[in-house]
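Novice: Predicted model follows, preceded by the sequence.
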Amino acid sequence: ATLISMKDHIPTDIKESLAKLNDSSRYLLGLINDILDMSRIDRGMMTIANESFSLERVLDEICSIMQAQAQRKQIKLLCRAEIKHTDLTGDPIRLKQVLMNLLSNAVKFTPKDGQVFLIVEELEETDTGAAYRFCVSDSGVGISEEDISRIFDSFEQIGNNRTRSQGTGLGLPISRNIVELMGGTLNVKSQVGSGSEFYFTISLPFGNPVETHALNASAETYENARFLLAEDNQLNAEIATDLFTAEGAQVELASDGIEAVKLFNQSQSGYFD
């Protein structure tokens, strides 16, 4: 769908259908991922990684992604980080998953011209790490005391039919379990008509600085670049090749890792970018 929408002279009605297809695909992918995560949690197989990451970079990525969603609803998203240490050890992917779940909910239940806040504070430090408080708050519709008792149950959803249709009812249960695996507790304070606040505190060990390899994503970056692509799924290989060549790149395909090593060794030094 993405490849087709990149073509020139696509009729407006076809573009609209492709946009709906993309939205539906993202929803389905999110549903599948949520169900897989709940299955891992129920079987005690959910694990938390232990790797060096930059908290500042993770927060920048989250806010950048969520700004577009907030702007579409004409909501103001404000992000603030009061942290002294940014190089930490933990699971940046799972942390990002929790915060994006909370922010997505906040945006979904906040009306036009409302506000959503992400505030991260470093509370205290030791010789080996620090404690951080993460808080997502909004000026939205709020949650009743009765609903607060069940929002962390699997497949439970609150709100009207429209907001329920935008989710799976799994985001908060998954987020709660991830936070618990990280050593914290996901709490909520809310009042109907006055917005909601979801917050948790976790301690993270200090980590090594992570190098940033910035990539200019403009078309010029890929013009005449030579890529060696190793992919054993033919459909994936065709789609990836088409995406790269659409940006002017040259792609040489290997059907597996062994063939990729062979092609690389046979090429001149620096042949592949």
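Specialist: Sure thing, it's come through. Residues are numbered from 1 along each chain as shown.
Novice: so where do the helices sit in the stretch 151-273 of the chain?
Specialist: 161-165, 171-181, 219-222, 234-246, 257-266 (DSSP state H, counting those that start in this stretch).
Novice: in the sheet, who's paired with Leu88?
Specialist: With DSSP bridges applied, Leu88 shows beta-bridge pairing to Phe53, Phe206.
Novice: Could you check the chain and say which of its helices or strands has the lowest average pLDDT?
Specialist: Averaged element by element with mean pLDDT, DSSP states H and E, the chain has its least confident helix or strand at helix 161-165 (a mean of 48).
Novice: now the stretch 1-150 of the chain, which segments are flagged as low pLDDT?
Specialist: Scanning the stretch 1-150 of the chain for pLDDT under 70 picks out nothing.
Novice: And the helices in it?
Specialist: Using DSSP H, counting those that start in this stretch, helices in the stretch 1-150 of the chain cover 2-5, 12-42, 55-72, 92-108, 145-148.
Novice: For the first one, which outside residues touch it?
Specialist: Contact partners of helix 2-5, identified using C-beta atoms under 8 Å, 6 or more residues apart in numbering, comprise 10, 14-15, 18-19, 22, 239, 242-243, 246. Quick note: C-beta positions are derived from backbone N, CA and C, even for glycine.
Novice: so which of these is the most crowded?
Specialist: Using other C-beta atoms under 10 Å as the neighbour test, the contacts of helix 2-5 are led by Leu18, with 18 neighbours.
Novice: For that one, list the residues it contacts.
Specialist: 1, 4-5, 10.
Novice: at 7 Å instead, please
Specialist: Neighbour list for Leu18: 1, 4-5 [criterion: C-beta atoms under 7 Å, 6 or more residues apart in numbering].
Novice: Out of those, the closest to Val192 would be?
Specialist: Ala1 (39.7 Å; C-beta to C-beta).
Novice: For the closest one, give its distance to Asn33.
Specialist: 19 Å (C-beta to C-beta, to the nearest Å).
Novice: Ok, Arg57 next?
Specialist: From Arg57 to Asn33 the distance is 23 Å (C-beta to C-beta).
Novice: thinking again about what came up before, out of the contacts of helix 2-5, flag the one nearest to Gly270.
Specialist: Leu243 (23.6 Å).
Novice: Excluding residues flanking it in the chain, which one is nearest that closest one?
Specialist: Leu3 (6.7 Å; C-beta to C-beta, 6 or more residues apart in numbering).
Novice: what about the one you found, how many neighbours?
Specialist: Quick note: Leu3 (other C-beta under 10 Å) scores 12 neighbours.
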